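Participant: Sequence plus the predicted model coming up.
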Amino acid sequence: MKLLTTLTVLMFAAGFVSQIRADEDSPLAKAMTTTNDAMKALGKETDSTKGAAMAREAQEGIVKSIPLVPELIADMPDAAARAKALADYRKMMAQALALFCDIETAFLNNKADDVTKLITEAKALKKEGHKKYMDEE
């Protein structure tokens, strides 16, 4: 009996680990990696040309992510709830795109204080989006 229980637990654990690996390799995760990497670097960048280029990289990742569906939404059994969540997800992605356009503009206008404020807003939006649409196990 203990062997059967152990084997069952191991099978579930193996499935969970493979699910995590699949999520990290999803098209959405790959697209958002570009945005996340750029966001981390933006806070440290002082050169306006480089900062603007990083903001454009973040924008590219977001643009690639907009048509994709987070797994948490795709797995929703209720079609109406899924449609509402997908609309909200796309709205949040559009807000993120607008924020990174504003960050790019702030860099080009040499407004470091605005850059800092906008990056803080982008991080808050990211946190909200991940809380809503990512399974953080």
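Facilitator: Here it is on my side, so go on.
Participant: separation between His130 and Glu57?
Facilitator: Using Cβ to Cβ, to the nearest Å, His130 is found at 20 Å from Glu57. Where you see a C-beta, it was placed from the backbone N, CA and C, and this is true even at glycine.
Participant: which one of those two has more residues nearby?
Facilitator: Taking neighbours as other Cβ atoms under 10 Å, His130 and Glu57 compare with Glu57 leading, 19 against 13.
Participant: Contacts only, for that one.
Facilitator: Residues counted as contacts of Glu57 (Cβ atoms under 8 Å, 6 or more residues apart in numbering) are 34-35, 37-38.
Participant: Just the ones in helices from these, please.
Facilitator: Judged by DSSP state H, these include 34-35, 37-38 as members of helices.
Participant: Just the buried ones from the residues you listed?
Facilitator: For the ones in helices among the contacts of Glu57, a burial check counting by 16 or more other Cβ atoms under 10 Å picks out 34-35, 38.
Participant: Tell me how far Thr116 lies from Leu42.
Facilitator: The gap separating Thr116 from Leu42 is 10 Å, by Cβ to Cβ.
Participant: What's the per-residue pLDDT of Asn36 here?
Facilitator: What the model reports as pLDDT for Asn36 is 84.
Participant: Count the residues that sit near it.
Facilitator: By other Cβ under 10 Å, 13 other residues sit near Asn36.
Participant: let's have the chain start at 409 instead
Facilitator: Got it, first residue is 409 now, which makes that one Asn444.
Participant: and it, how far is that from Lys438?
Facilitator: Distance, Asn444 to Lys438, by Cβ to Cβ: 11 Å.
Participant: Then Glu479?
Facilitator: Glu479 is 14 Å from Lys438, by Cβ to Cβ.
Participant: and if you look at Lys452?
Facilitator: From Lys452 over to Lys438 the distance is 23 Å, taken as Cβ to Cβ.
Participant: Please identify which of the two sits among more neighbours.
Facilitator: Higher neighbour count among Lys452 and Lys438: Lys438, with 14 against 8, using other Cβ under 10 Å.
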